[in-house]
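*Asks:* Quick one, what's the 3D model for this:
(one chain, ligands or ions: 2)
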Amino acid sequence: MKRPRLTTDDYIEGIRGHDRAILGRAITLVESNNAEHRVQAQELLRFLLPDTGGAHRIGISGVPGAGKSTFIEAFGMFLIGQGHRVAVLAVDPSSTRTKGSILGDKTRMEQLSAMDEAFIRPSPTGGSLGGVGRKTRETIMVCEAAGFDVVLVETVGVGQSETLVADMVDVFLVLVLSGAGDELQGIKRGILELADIVAVNKADGDNINATEVARAEYERAFQLFRPPGHAPWDPRAVVCSALTGLGLDDLWTLIEDHRRMITSNGALDEKRSRQRLRWMWSMVDDAVMEAVRSHPEVSFRLSGLQAEVLTGTTTATAAAEAILRAFGIGR
Ligand SMILES: Nc1nc2c(ncn2[C@@H]2O[C@H](COP(=O)(O)OP(=O)(O)O)[C@@H](O)[C@H]2O)c(=O)[nH]1
Ligand SMILES: [Mg+2]
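*Replies:* Residues are numbered from 1 along each chain as shown. Ligands and ions are numbered 1, 2, ... in the order given. The predicted model follows:
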């Protein structure tokens, strides 16, 4: 059954009135690639804009099995206990909304998903990484307008989606595990570059000592890699247990310290401004690339030119110039 179309006023009223059904539909609107929907979504966002930006935007990454889902359940419940309203979003470009995909395991978030103060939304499906990025960023704005003051954005700890999420949040948290031979030597450089906070999870049972060792290794690695004092924030490592709740309060205190620090020295405003500008350009880049690739004259010549570059019979420069000429901007 087709639901009646909502006007932009309906959306605004529903979002401001904390109507979950309308919030869900507003996000669906924002996620749509349909041209008419895009127009209405942009109109809606323009009206909501003054109510956005108020949340702690927190990115959470970690390899599968690190405990992200369990952590978000426990941390989300902890935050609600502190009086917060928590939205949980996900970025997983490979997600097909099947079982086992990110946030597909709602069973690990049974408590949280039943709370009025929580809103859990799975990753937008399909489309390019850039498309997923737009949808998630605009969803963050809609959730903020709906009064969620903490937005957790979960992503898998691999490659580009991690970088993408780090560029849409205020603080980037990486969940890691102790042991498994990854102390110092194997610490992923990406973690050191992106993380504001590393949380060594599963600090419970026989694992407590090992997590403390790993935490100290991460702290040392941060000091070597990013000498203290040159950035608005010196990254930190903590231990926690998503299972017992140990360390969640200290972690939140640290996130609040981070917030205070980057607010007082102006780094938060600057970070968000830079993020918006990069986001604008990434959308222009994507659209231009799409226009070039789908241009009839370009597609006509593309496979031939690519083959010549692959075999080395044409230089990359000559082929690039030929493509741009075909598109109409070359010399
Ligand atoms: N002992 C212990 N197990 C945990 C903890 N957090 C998660 N787990 C377990 O680790 C496994 C993977 O957790 P999950 O939340 O699905 O990880 P994800 O793949 O990162 O989302 C599950 O069996 C969890 O029960 C923790 O703090 N302590
Ligand atoms: Mg999970």
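
*Asks:* So which residues of the chain form helices?
*Replies:* 8-16, 20-31, 35-48, 68-81, 110-113, 129-145, 159-166, 189-194, 208-225, 248-264, 267-294, 296-311, 316-327 (DSSP state H).

*Asks:* burial count for A118?
*Replies:* 24 (other C-beta atoms under 10 Å). (Each C-beta comes from the backbone N, C-alpha and C, glycine too.)

*Asks:* Show me the one of the helices of the chain that comes nearest R236.
*Replies:* Between R236 and the helices of the chain, the tightest spacing by C-beta to C-beta is seen for helix 248-264, at 6.1 Å.

*Asks:* Rank the helices and strands of this protein by mean pLDDT and give me the bottom one.
*Replies:* For the chain, the helix or strand with the lowest mean confidence is helix 189-194, at a mean of 81 (criterion: mean pLDDT, DSSP states H and E).

*Asks:* May I have it as PDB, with CA atoms only?
*Replies:* Written as PDB, here are the backbone C-alpha positions of helix 189-194 (Å, rounded to 0.1, in the frame of the first residue of the first chain):
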ATOM      1  CA  ARG A 189      49.100   2.800  10.800                       C
ATOM      2  CA  GLY A 190      45.500   3.800   9.900                       C
ATOM      3  CA  ILE A 191      44.400   3.400  13.500                       C
ATOM      4  CA  LEU A 192      47.100   5.800  14.700                       C
ATOM      5  CA  GLU A 193      46.300   8.300  12.000                       C
ATOM      6  CA  LEU A 194      42.500   8.300  12.400                       C
END
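
*Asks:* what's next to that helix, contact-wise?
*Replies:* 61, 157, 162-163, 166, 172, 174, 176, 198, 221-222, 225-226, 235 (C-beta atoms under 8 Å, 6 or more residues apart in numbering).

*Asks:* what comes up buried for that helix?
*Replies:* Applying a neighbour-count criterion of 16 or more other C-beta atoms under 10 Å, one finds 190-192, 194 buried in helix 189-194.

*Asks:* Closest to ligand 2 out of the residues you listed?
*Replies:* I191 (17.9 Å; C-beta to the ion).

*Asks:* which stretches of this structure aren't confidently modelled?
*Replies:* Along the chain, the model assigns pLDDT under 70 to residues 1-2, 95-107, 180-187.

*Asks:* Repeat the analysis, applying 80 as the threshold.
*Replies:* For the chain, residues meeting the criterion pLDDT under 80 lie at 1-4, 93-108, 126-127, 157-159, 179-190, 226-231, 330-331.

*Asks:* Near ligand 1, which residues of it? Just list them.
*Replies:* 62, 64-70, 105, 108, 201-202, 204, 241-243 (C-beta under 6 Å from any ligand atom).
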